[in-house]
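**Student:** next comes the sequence, and after it the predicted model I'd like to discuss.
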Number of protein chains: 2
Amino acid sequence: MGSLMSSPAKIQTVLPAASCENCGVRRLCLPVALDAKDLDRMEELVRARPRLERGDYLYWAGDAFNSLYAVKSGAMKTFGITSDGEEQLTGFFFPGEVVGLDAIDNGIYNCNAVALADTQLCEIPYARLDDLGDALPALPRELTRILSRELLADCKMLTMVGRMTAGQRIACFLFNLSGRLADHNGGEIEHIELPMSREDIANYLGLTIETVSRKLGELKKQGLIGVAGRRVDLLDRDGLAEICPF
Amino acid sequence: MGSLMSSPAKIQTVLPAASCENCGVRRLCLPVALDAKDLDRMEELVRARPRLERGDYLYWAGDAFNSLYAVKSGAMKTFGITSDGEEQLTGFFFPGEVVGLDAIDNGIYNCNAVALADTQLCEIPYARLDDLGDALPALPRELTRILSRELLADCKMLTMVGRMTAGQRIACFLFNLSGRLADHNGGEIEHIELPMSREDIANYLGLTIETVSRKLGELKKQGLIGVAGRRVDLLDRDGLAEICPF
DNA sequence: CGACGAATTGAAATAGCTCAAATGACGTGG
DNA sequence: CCACGTCATTTGAGCTATTTCAATTCGTCG
């Protein structure tokens, strides 16, 4: 197991430059409900914007929790390690999504967070977000919504991993991915450039890398998708939907 | 497959009588951070206290979301149904825990919620909780913590279902259960009275009922636990811990 | 071009599933 | 209080989807 280890994080702290107001993922992100005036206060808070390269760690499991991180561009993954050395990928995070939510309660990051590609993040110091929440109730309200959404997503993952066949998991995974990537790309998407390796996919879905490869191959042979390395084309959405039992 | 269908919910609405202040699960529940004065306002809000019998539905997947429900006594389960009729249990809920959190974002209950035993609940109308949150910031703060905790629990479930063997899942499950039941029973617990059937356990852990039965039998044969129907005794915690790789 | 990691493909092994039957627990009605 | 029916659980035996192990192929980067 374990080829995920990588060089230590080289976080370049970039002081506030880009603004939430003009951010490409604004309508997906935390300040979605804030008006112009309140946005300013949010921007004060979002101070550092570390930029990660593929393979860089944002944080390690066990680190003290200080900040949430919103993905501006790129992609992240989070994974835990069991005491017997098994890795379990617990999530992928794309632009507009927030990393670190599961650490709020116990004050410790419970997973490792690693960049899957060059990734820009907004650092949101949690203590300050919490304070600002007293003045701007829209903020905790939106945070609650985001948490709830994440919870629902996890339930779906549980169903996928607990009850579906390998083929179904792959189909659902591709569907879900295309939906999320479409969110911040305007409309529909038929072509996906996977930011994660087969190993990541396998690990996420509770499968082996070989099974992922084989099932992708089958879907390809059936003409439902096109696969070429990390490029995947959803050729027959309806056919895929038939496989994916959500 | 579906033997879970049951008679329609017969929710007996019991008007306020018990108070949060004297509630046995207060230190686990939402108002944990409120002082005496604020507790009053919380109690106004928690108006109805439905009582369910075993098998009663609290809500169905697809129902409009109006309230969260805190478990006072008894136990609940939530489960979703995929389009091909498979059921997936997504959670068990014990005293002090809150049901319905995954419905906040999209305003619809995404799962079915059913009582596993005679169960007393506190109904927390979400709109009013939201309003009250503006005045009492401790409330949304605690809600956030609860959501975050739930998120972390789901990550652990993912790891269990995705990467562990049947025996490991069972061991972890028993561990987790004993911990949660101990929470509101004072201290340690060596004896568990399972409120759920083997079918529920199997469904929760992504196994079949037969495998659950067999693995429980093995653990018993190894002297790690005692099993007699729904009574389980944790005879050798360390031995169990060795199996459970968290 | 050559080398190394990632991905695919193949063949054999297995954990857990499915199907089937036996046993046990429990409430009902005589 | 006992006999019976129902439903939950256990146990058994064979089966299968996925894993494991092993060997190629592909892709990328120095």
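**Tutor:** Thanks, I have it. Treat the numbers as computed from the prediction; the structure is a model and nothing was measured. Numbering: from 1, shown residues only, chains lettered A, B, ... in the order given.
**Student:** going forward, measure contacts between C-alpha atoms and count neighbours the same way
**Tutor:** OK.
**Student:** distance of the most centrally placed residue in chain A relative to residue A:169?
**Tutor:** Among the residues of chain A, the one closest to the centroid is residue A:93, at 0.9 Å (C-alpha atoms, centre = their mean). Note on residue A:93: its distance to residue A:169, by C-alpha to C-alpha, to the nearest Å, is 18 Å.
**Student:** which secondary structure element contains residue A:151?
**Tutor:** Residue A:151 is part of helix A:138-163, with elements assigned from DSSP states H and E.
**Student:** got the buried residues for the helix or strand following that helix?
**Tutor:** Using DSSP H and E, the helix or strand that directly follows helix A:138-163 along the chain is helix A:166-183. Across helix A:166-183, burial judged by 16 or more other C-alpha atoms under 10 Å in any protein chain shown covers A:166-175, A:177-181, A:183.
**Student:** same thing with stretch A:222-231?
**Tutor:** A:224-227.
**Student:** do stretch A:229-246 as well
**Tutor:** A:232-234, A:239-240, A:243-246.
**Student:** put the alpha carbons of it into CSV.
**Tutor:** Output in CSV follows, covering the C-alpha atoms of stretch A:229-246 (Å, rounded to 0.1, in the frame of the first residue of the first chain):
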residue,chain,number,x,y,z
GLY,A,229,-5.9,7.6,-20.1
ARG,A,230,-7.3,10.3,-17.9
ARG,A,231,-9.7,11.5,-20.5
VAL,A,232,-13.2,10.1,-20.3
ASP,A,233,-16.1,11.0,-22.6
LEU,A,234,-19.7,10.3,-21.6
LEU,A,235,-21.0,9.1,-24.9
ASP,A,236,-24.3,7.6,-23.8
ARG,A,237,-25.7,9.3,-20.7
ASP,A,238,-28.9,7.4,-20.7
GLY,A,239,-27.1,4.1,-21.0
LEU,A,240,-25.0,5.1,-18.0
ALA,A,241,-28.0,6.3,-16.1
GLU,A,242,-29.5,2.8,-16.5
ILE,A,243,-26.6,1.3,-14.8
CYS,A,244,-26.4,3.8,-12.0
PRO,A,245,-29.3,3.1,-9.6
PHE,A,246,-29.8,6.4,-7.8
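**Student:** nearest residue to the residue nearest to the centre of chain A in space, please, no chain neighbours.
**Tutor:** Distances taken as C-alpha to C-alpha, 6 or more residues apart in numbering or on different chains place residue A:76 nearest to residue A:93, at 5.0 Å, with adjacent residues excluded.
**Student:** break down chain A into its helices, ranges please.
**Tutor:** A:36-45, A:126-135, A:138-163, A:166-183, A:198-205, A:209-221, A:237-243 (DSSP state H).
**Student:** need the ones you listed in JSON lines with distance to residue B:142 and mean pLDDT, can you?
**Tutor:** Shown next, in JSON lines, are the helices of chain A (distance: least, C-alpha to C-alpha, whole Å; pLDDT from 0 to 100):
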{"stretch": "helix A:36-45", "distance to residue B:142": "22", "mean pLDDT": "88"}
{"stretch": "helix A:126-135", "distance to residue B:142": "11", "mean pLDDT": "94"}
{"stretch": "helix A:138-163", "distance to residue B:142": "11", "mean pLDDT": "96"}
{"stretch": "helix A:166-183", "distance to residue B:142": "29", "mean pLDDT": "93"}
{"stretch": "helix A:198-205", "distance to residue B:142": "30", "mean pLDDT": "98"}
{"stretch": "helix A:209-221", "distance to residue B:142": "40", "mean pLDDT": "98"}
{"stretch": "helix A:237-243", "distance to residue B:142": "39", "mean pLDDT": "94"}
